[in-house]
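**Student:** when you get a sec, could you give me coordinates for this:
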Amino acid sequence: MKQLISIFIFCCPFIAFSQILQPGFDKNEYRELMLISARTTADTGYYKDFREPVTFNMIYQSKPIGLDNLWDFWKNDKDVAVISIRGTTGKAESWLSNFYAAMVPAKGELQLDGEDTFTYELAVNPKAAVHIGWLLSMAYLSKEIIPQINEQYQKGTKDFLIIGHSQGGAISFLLTAYLYSLQRQNLLPVDIRFKTYCSAAPKPGNLYFGYEYEAITQGGWAFNVVNAADWVPETPISIQTLKDFNNVNPFTNARALINKQKFPNKMVLKHIYNQLDKPTKRAQQKYEQYMGNMASKIIKQHIKGYIPPEYYSSNHYVRTGTTIVLLPDDEYFKTYPDDPSRLFPHHFHAAYLALLDKLPEQNIPHETGGLIYTPSAAELARVKENMKKVPAKKVFAHTQFGLQVPDLSALNAELSGNNYLPLNSAYFSRGGGLYTIFPKTRLAVLFNYATYAGSKTSGNRTNELRGTTVGSSIGFVVAHSEKLQLIPYAGGVYSWWGARLSANNGTGQLFNDYLATSGDQHHLATKGWVWNFGIHVATQPLRDKNFGKDIMLGLRSGYSLPAAKATRWNTNGVSLYDGPAINAQGFYAHLILGVAL
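**Tutor:** A predicted model of the protein is given here:
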């Protein structure tokens, strides 16, 4: 019995410490990782002033991949490995990863090129969303990192430290969440232990991503180290709209409650609500337009075949993870002053290490925990609504030209019977106008002016006419994008139409002789409302170019129908009765050339 106890006591340390990593923030551990991180820059001019790491040796350093991303692999003699992610470099594509700052769902796919699809799940909650630029960088890095983890696991390594500084810290948030996800799916061994230090990191995603990240790493297995004087952890800019709250909140039914109020309270409250709600919505849409749509066009120049995903309509970036705050003091500011001429006076490794020395020694373990999230039907409905793309309202000014085919057959029969030259059946038309698209209501308002004219001579007989319309229509927006506008419409326009007829148009007449002839010169006119039905199809053909991207080219075709059955004729203001019925506007087909205002 004593022998069994002795064996048990002897073996216990090996059982307890088969994995070396311990939970809690470890000041010395973080310092060692920062010395590694400095070398991950691959810039000898930068890291030459830092001492070598004490316990770890570099095994591998990657080539730049993705958006100039790079990572190192290090190990010590206790079989603990380090994955170190490089931060932003001086190259344009590296900065693009930061500025490509629209949000995408934390679960989905990225089409990296024509053949390579990256499938990811960084959180289960469908409302969780992350920064697309850093997700793209992480996707490229993971293709090298995952095989290395598996290879080292086969050699017996089960403890992995993850470190990233600056952009590298942001990517480390997403990489950590991705690794835990692979473990949940049994795509990585579940007995691997990861411990993460995100240093000087920007905000990686929204609140719902932050909740899950903190839940899966709680117990002291991930830290966000921040110098309180550093502006980088305050980015990206966060915009919170009413859509970013949990499903149950006091704002959800605010409009319904306001509508129950009596006048004028109802009007005042509605105005206040709109003043608070609309600016953040507009700001979020602008942010997505510039940091998503426009940035993706530049990304595609660096990554051939990349297809931008659908964005998540939010920019509510939040600070994520258990935060270790490095508070500057007067002594720190003497060495690292607030210098407006320097972009990063408090951001680099040296400033963080200087403040680290002021922290007390600490290694605080905690109980570990996990999360399996089951989204509700309401949350799934909310995320579906949040994924809908709502383009901004757009106003277009345009000119137009094309073909007008009025129905003048009944009038021509009368003219031929009275020895006058029949009118033509088709005319060249021109005009212009404005139209405004309201994406939220899927409606469009089209204001239009068009005119056509023509003349015809045969022998001594001549006719000439002019038709003009001015009016507006309401359209239903079937499609609205830079690639395609499709709008069927209907409305009312006011029509003016007139013709001058001559049956004695001989040449060489004296002026007075012409005036003395019998009345064979006639003027016929009609005016009134007509119904206008048609379809508008347009595109912005230069949408991917810097010059001319707002130019619109399209086709508008339709048919006008007189509102009154009988045509009201007049000549020089005097009414004529029992005249033939005509459709002075009829069919039209116009080419549209315009510009977005």
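**Student:** pretty sure Tyr588 sits against Pro406.
**Tutor:** No. The pair Tyr588 / Pro406 is not scored as a contact, 9.2 Å apart, by CB atoms under 8 Å. C-beta here means a position set from N, CA and C on the backbone, and glycine is covered the same way.
**Student:** under the pLDDT cut-off, which ranges of this protein? List them.
**Tutor:** 1-19, 252, 361-379, 382, 388-393, 504-520 (pLDDT under 70).
**Student:** tell me the domain ranges of it?
**Tutor:** 2-386, 394-506+517-596 (automatic domain parsing).
**Student:** how far does the shortest one stretch from start to finish?
**Tutor:** It refers to domain 394-506+517-596. Across domain 394-506+517-596, the terminal residues are separated by 7 Å (CA to CA, to the nearest Å).
**Student:** pull the distance from it to the chain's centre.
**Tutor:** Offset of domain 394-506+517-596 from its chain centre (CA atoms, centre = their mean, to the nearest Å): 39 Å.
**Student:** now swap in the first one and tell me
**Tutor:** Centre-to-centre, domain 2-386 and its host chain are 21 Å apart (CA atoms, centre = their mean).
**Student:** take the domains of the chain and lay them out in JSON lines including mean neighbour count.
**Tutor:** JSON lines is the format used below for these (neighbours: other CB atoms under 10 Å):
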{"stretch": "domain 2-386", "mean neighbour count": "18"}
{"stretch": "domain 394-506+517-596", "mean neighbour count": "16"}
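**Student:** show me what stretch 281-292 is in contact with.
**Tutor:** The contact list for stretch 281-292, computed with CB atoms under 8 Å, 6 or more residues apart in numbering, reads 99-102, 132, 236-237, 239, 241, 308, 311, 313-315, 390, 392.
**Student:** and which of those is nearest Asn265?
**Tutor:** For the contacts of stretch 281-292, the minimum distance to Asn265 (CB to CB) is 24.9 Å, reached by Thr241.
**Student:** which residues touch the closest one?
**Tutor:** 277, 280-281, 284, 314, 316.
**Student:** what helix or strand is the nearest residue to it once chain neighbours are set aside on?
**Tutor:** If the residues on either side of it in the chain are set aside, Thr241 comes closest to Thr280, at 4.5 Å by CB to CB, 6 or more residues apart in numbering. Per DSSP states H and E: Thr280 is located in helix 265-288.
**Student:** show the subsequent helix or strand relative to that helix.
**Tutor:** Counting by DSSP H and E, what follows helix 265-288 is helix 295-302.
**Student:** how close does Phe99 sit to Tyr197?
**Tutor:** Remark: distance between Phe99 and Tyr197 (CB to CB, to the nearest Å) = 25 Å.
**Student:** tell me the contacts of Val318?
**Tutor:** By CB under 8 Å, 6+ apart, the contact set of Val318 is 203, 205-207, 210, 238.
**Student:** repeat that for 6 Å
**Tutor:** Taking CB atoms under 6 Å, 6 or more residues apart in numbering, we find Val318 in contact with 203, 207, 210.
**Student:** among those, which one lies nearest to Arg543?
**Tutor:** Nearest to Arg543 out of the contacts of Val318 is Lys203 (CB to CB; 31.2 Å).
**Student:** now the closest one, what's its secondary structure?
**Tutor:** Put simply, Lys203 is coil when judged by DSSP: H, G, I helix; E, B strand; the rest coil.
**Student:** that one touches His316, doesn't it?
**Tutor:** No. Between Lys203 and His316 no contact is recorded; they are 9.5 Å apart, counting by CB atoms under 6 Å.
**Student:** separation between the closest residue to Ile258 other than its chain neighbours and Val248?
**Tutor:** Nearest non-adjacent residue to Ile258, counting by CB to CB, 6+ apart: Leu269, 4.6 Å away. Leu269 sits 21 Å away from Val248, going by CB to CB.
**Student:** over to Tyr178?
**Tutor:** Taking CB to CB, one finds Tyr178 at 30 Å from Val248.
**Student:** Ser296 too?
**Tutor:** 35 Å.
**Student:** with Tyr30 instead?
**Tutor:** Tyr30 is 39 Å from Val248, by CB to CB.
**Student:** equivalent analysis for Lys27, please.
**Tutor:** From Lys27 to Val248 the distance is 42 Å (CB to CB).
**Student:** same check, this time on Ser458
**Tutor:** Taking CB to CB, one finds Ser458 at 80 Å from Val248.
**Student:** bridged to the nearest residue to Gln148 once chain neighbours are set aside, which residues?
**Tutor:** Closest residue to Gln148 apart from its sequence neighbours, by CB to CB, 6+ apart: Phe73 at 5.7 Å. Judged by DSSP bridges, the bridge partners of Phe73 are Tyr60, Ile83.
**Student:** surely Phe73 and Met58 touch.
**Tutor:** No. Judged on CB under 6 Å, Phe73 makes no contact with Met58 at a distance of 7.4 Å.
**Student:** let me see the ranges of the strands in the stretch 101-250 of the chain.
**Tutor:** 103-105, 107-111, 117-121, 129-131, 159-165, 193-199, 222-227 (DSSP state E, counting those that start in this stretch).
**Student:** redo the ones you listed as CSV? Include distance to Asn150.
**Tutor:** Converted to CSV, those look like this (distance: least, CB to CB, whole Å):
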stretch, distance to Asn150
strand 103-105, 27
strand 107-111, 22
strand 117-121, 17
strand 129-131, 24
strand 159-165, 12
strand 193-199, 14
strand 222-227, 22
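**Student:** confirm for me that Ala444 is in contact with Ile437.
**Tutor:** Yes. Look at Ala444 against Ile437 with CB under 6 Å: they come within range, at 4.8 Å.
**Student:** mutual contacts of those two, please.
**Tutor:** With CB under 6 Å, 6+ apart, Ala444 and Ile437 have common neighbours Val477.
**Student:** for Trp95, helix, strand, or coil?
**Tutor:** The three-state label given to Trp95 by three-state DSSP is helix.
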